[in-house]
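J.: this one's sequence-less:
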């Protein structure tokens with residue numbers, strides 16, 4: 001399994017709701033699932049000086065290629081304009 005983590009700083013709640021109502025369908029098309037979503041309660045350290053983020057999402061895909069294909073898929077790319085209005089996003093994959 002591969003996990004994809006998104007760190008988000010929301011800027012437009014209405015656009016975020018629109019994005020969120022559609023993104024899970026694109027994840028499922030590429031064998032992924034949304035495992036966790038939530039809000040940041042407290043940031044203990046930020047020694048890397050990461051930009052601010054207030055929410056996160058954790059996705060899971062069977063293989064690295066599935067995650068890569070999803071992120072670059074036409075279905076997900078169609079949501080990028082909405083996403084760009086809704087938030088700033090850092091998205092990365094991790095192996096556990």
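T.: Structure's in. What do you need? Quick caveat: nothing in here was measured; it's all calculated off a predicted structure.
J.: quick one: contacts for residue 6?
T.: 56-59, 89-91 (C-beta atoms under 8 Å, 6 or more residues apart in numbering). Where C-beta positions appear, they are placed from N, C-alpha and C, glycine not excepted.
J.: quick one: which of those has the most company?
T.: Most neighbours among those, by other C-beta atoms under 10 Å: residue 59, with 24 neighbours.
J.: counting neighbours, what do you get for residue 55?
T.: Residue 55: 16 surrounding residues under other C-beta under 10 Å.
J.: repeat for residue 5
T.: Neighbour tally, residue 5, other C-beta under 10 Å: 15.
J.: torsion angles phi and psi at it?
T.: phi -110, psi 130 (degrees, to the nearest 10).
J.: that one touches residue 60, doesn't it?
T.: No - judged on C-beta atoms under 8 Å, residue 5 makes no contact with residue 60 at a distance of 10.3 Å.
J.: mind listing the strands for the protein?
T.: 2-10, 33-39, 55-61, 87-94 (DSSP state E).
J.: follow-up on the earlier one: I'd like the contacts of residue 6 laid out as JSON lines, including distance to residue 72 and pLDDT.
T.: Compiled in JSON lines, the contacts of residue 6 are given as follows (distance: C-beta to C-beta, whole Å; pLDDT from 0 to 100):
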{"residue": "56", "distance to residue 72": "21", "pLDDT": "97"}
{"residue": "57", "distance to residue 72": "18", "pLDDT": "97"}
{"residue": "58", "distance to residue 72": "20", "pLDDT": "98"}
{"residue": "59", "distance to residue 72": "14", "pLDDT": "98"}
{"residue": "89", "distance to residue 72": "15", "pLDDT": "96"}
{"residue": "90", "distance to residue 72": "17", "pLDDT": "96"}
{"residue": "91", "distance to residue 72": "12", "pLDDT": "95"}
